[in-house]
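[1] Let me see the structure of the following:
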Amino acid sequence: MKTKTQIEHNMLGQSAEFEGILRTAKIMATMDVTVLIQGESGTGKELMAKFIHAQSKRQSSHLVTINCAALPETLAESELFGHTKGAFTGATSDQQGRIQSAHNGTLFLDEVGELPLSIQAKLLRFLECGECQTIGQTKTEKVNVRIIAATNRDLFKEVENGNFREDLFYRLNVVPLELPGLRDRQSDITYLINHLSAQLAAKHCLDVPRFSVKAIEHCQRYNWPGNIRELKNFCERMVILLSGKTIAVDNLPLEIKTDQKTKISNPFILPEGGIVLEQLEAQLINQAMDKSHGNQSKAARLLGLTRSALLYRIKKYAL
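    Numbering: from 1, shown residues only. The predicted structure is shown next:
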């Protein structure tokens, strides 16, 4: 089991944005409230959940993780709440549910947006009263757990589309935490490459490769759709294939060494009468915030900005 210090050291980043997220997470950890971690795949949502648990008053108890996307609908209720022997066909022995096993600790619901609607209703009841009923039993039992949920889906949109219960969304969204994609943390990329390469070289007992200035520039321009997970895999590949060597642009994977230039299919046409650029920029920011339901990281992506650049403009225009 990893210690609190080991988990904290795995939260890698030096940018102001990332350090701000860690400060927020530490504050959240001290308060025994439900946390909803949102972010794209590969941004480190599970590691953040472990970080919050390790900083919390429940750190000496279990952190129980449930991958909601991997739960078969027919077995989801049994996995969560447990069952007694003979409760249904195939129930050959008593089985404790994951919720009960997290008693006095933390329950991490990974990919919570994948839960079937039928199970969402039962989970909601547990969140409302802290009681769960084992399949095959008539009595309920009190369970004391802290809930941390995570999703790469836009749950607000899932609610609008009827795929996620609105009441459950608000139960989970007590304290939201948005993890930015790696493309919004460009100032961290060089640090992450150097740190991960050294870490992985030590793991494989190999010499650390060096990255040329041009290779780093290409890495910084790349979009990293797989985020930290993709970057770690890339570093491991470079360590294994080019141990102790200098990595040039030609050594990079095709998708990284090819310049990614944004193509605008319908470029903006300046009206004959001209525009007031600041008014247009403010209007576009408002539209992006509306489309992202107030999610600043998503609004920044819609505008092709970093989150810090968006926050600067929001402050500038007093939006």
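
[2] For residue 83, which non-adjacent residue is closest in space?
    Closest residue to residue 83 apart from its sequence neighbours, by Cβ to Cβ, 6 or more residues apart in numbering: residue 135 at 3.9 Å. Where you see a C-beta, it was placed from the backbone N, CA and C, and this is true even at glycine.

[3] residues touching that neighbour, list them.
    Residues near residue 135 by Cβ atoms under 8 Å, 6 or more residues apart in numbering: 77-78, 81-84, 87-88, 91.

[4] Check which residues of stretch 113-123 are buried.
    Using 16 or more other Cβ atoms under 10 Å as the test for burial, stretch 113-123 gives 113-116, 119-120, 122-123.

[5] Report the rounded mean pLDDT for it.
    Mean pLDDT, stretch 113-123: 90.

[6] Give me the contacts around that stretch.
    For stretch 113-123, contacts defined as Cβ under 8 Å, 6+ apart pick out 68-69, 71, 73, 76-77, 80-81, 109, 151-153, 155, 158, 163-165, 168.

[7] Run through the chain and note the low-pLDDT ranges.
    Across the chain, the ranges flagged by pLDDT under 70 are 1-10, 259-267.

[8] Domain parsing of it, as residue ranges.
    4-178, 183-257, 277-316 (automatic domain parsing).

[9] could I get the ones you listed as JSON lines with distance to residue 268?
    JSON lines is the format used below for the domains of the chain (distance: least, Cβ to Cβ, whole Å):
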{"stretch": "domain 4-178", "distance to residue 268": "27"}
{"stretch": "domain 183-257", "distance to residue 268": "22"}
{"stretch": "domain 277-316", "distance to residue 268": "9"}
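
[10] Among those domains, which comes closest to residue 270?
    Checking these against residue 270 by Cβ to Cβ gives domain 277-316 as the closest, at 10.3 Å.

[11] So for that closest one, what gets flagged as buried?
    Buried-residue list, domain 277-316, by 16+ other Cβ under 10 Å: 282, 285, 288-289, 292, 295-303, 305-308, 310, 313-314.

[12] cool, stretch 205-225 as well?
    208-209, 211, 215-216, 218-219, 221-222, 224.

[13] Kind regards, and thank you for your time.
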